[in-house]
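Visitor: Predicted model and sequence follow; I will ask about them next.
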Amino acid sequence: MSEWLGKSRIEEKDIQKSMPSMVKYFPMLTRYYVDNQKLRINLALPYDMGEEFKLAVIKTYGAFNPTNVRKASMEAIDHWIETHL
């Protein structure tokens, strides 16, 4: 989608201009195209660190699921950026 629109970073408003019905009727597909070009981090953790991370997420958010993993990861990344900029 971003290549089709000629942009490396697209937002919902860019899709709205070209395909308003997609935004209205297919919001999840719109979100997919907006998120498609964003930075991704794939991190393999040692077993013990992975278990500790899982326990910390459960303690803080109540469950270990993709939403809570994302919250915990974003919180850690935000903290790291704040302390290093």
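Guide: Arrived safely, thanks for sending.
Visitor: Enumerate every residue touching Tyr32.
Guide: By CB atoms under 8 Å, 6 or more residues apart in numbering, the contact list for Tyr32 is empty. In short, each C-beta sits where N, CA and C put it, glycine included.
Visitor: Name the single longest helix found in this structure.
Guide: Criterion DSSP state H: the longest helix present in the chain is helix 66-84.
Visitor: Can you name every helix or strand that it contacts?
Guide: Applying 3 or more CB pairs under 8 Å, 6 or more residues apart in numbering; DSSP states H and E, we find helix 66-84 packed against helix 47-61.
Visitor: Tell me what angle the helix it packs on forms with helix 66-84.
Guide: With axes from the mean of the first three to the mean of the last three CA atoms, to 10 degrees applied, the angle from helix 47-61 to helix 66-84 works out at 100 degrees.
Visitor: from here on, count from 24
Guide: New numbering, starting at 24: the last item is helix 70-84.
Visitor: ok, and what's touching helix 70-84?
Guide: Leu68, Ala86, Phe87, Asn91, Val92, Lys94, Ala95.
Visitor: want to try JSON lines for the residues you listed, with distance to Leu62, neighbour count and pLDDT as columns?
Guide: As requested, these are exported to JSON lines (distance: CB to CB, whole Å; neighbours: other CB atoms under 10 Å; pLDDT from 0 to 100):
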{"residue": "Leu68", "distance to Leu62": "19", "neighbour count": "11", "pLDDT": "97"}
{"residue": "Ala86", "distance to Leu62": "26", "neighbour count": "8", "pLDDT": "98"}
{"residue": "Phe87", "distance to Leu62": "23", "neighbour count": "14", "pLDDT": "98"}
{"residue": "Asn91", "distance to Leu62": "20", "neighbour count": "15", "pLDDT": "98"}
{"residue": "Val92", "distance to Leu62": "16", "neighbour count": "14", "pLDDT": "98"}
{"residue": "Lys94", "distance to Leu62": "17", "neighbour count": "14", "pLDDT": "98"}
{"residue": "Ala95", "distance to Leu62": "18", "neighbour count": "17", "pLDDT": "98"}
